[in-house]
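J.: What shape does this take:
(one chain, ligands or ions: 1)
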Amino acid sequence: MKKIKVARRGRKCKHPSCRITLSVYNHGCFCCMHQNKANIEADTK
Ligand SMILES: [Zn+2]
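T.: Just a heads-up that it's a prediction; the model follows:
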């Protein structure tokens, strides 16, 4: 069985109004929803 590297548990999305706890498989600072939004905003700038 392969060991999957996971992030620390209990991290929260960094979006100010978001209280989603990030998955241990999400190594970013935002939940998947806000991660996508951040990417879109970066593209339009
Ligand atoms: Zn979020």
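J.: pLDDT of stretch 2-22, averaged?
T.: Taken as a whole, stretch 2-22 has a mean pLDDT of 88.
J.: burial count for the closest residue to Gly10 other than its chain neighbours?
T.: Nearest residue to Gly10, sequence neighbours excluded (CB to CB, 6 or more residues apart in numbering): Thr21, at 6.5 Å. C-beta: built from backbone N, CA, C; applies to glycine. Applying other CB atoms under 10 Å, we find 13 residues neighbouring Thr21.
J.: same check, this time on Arg19
T.: 8.
J.: what do you get for the one 4 residues further on?
T.: Residue neighbour count, defined by other CB under 10 Å, stands at 14 for Ser23.
J.: And it, how close does it get to the ion?
T.: Taking CB to the ion, to the nearest Å as the measure, Ser23 falls 12 Å from the ion.
J.: Much appreciated, bye for now.
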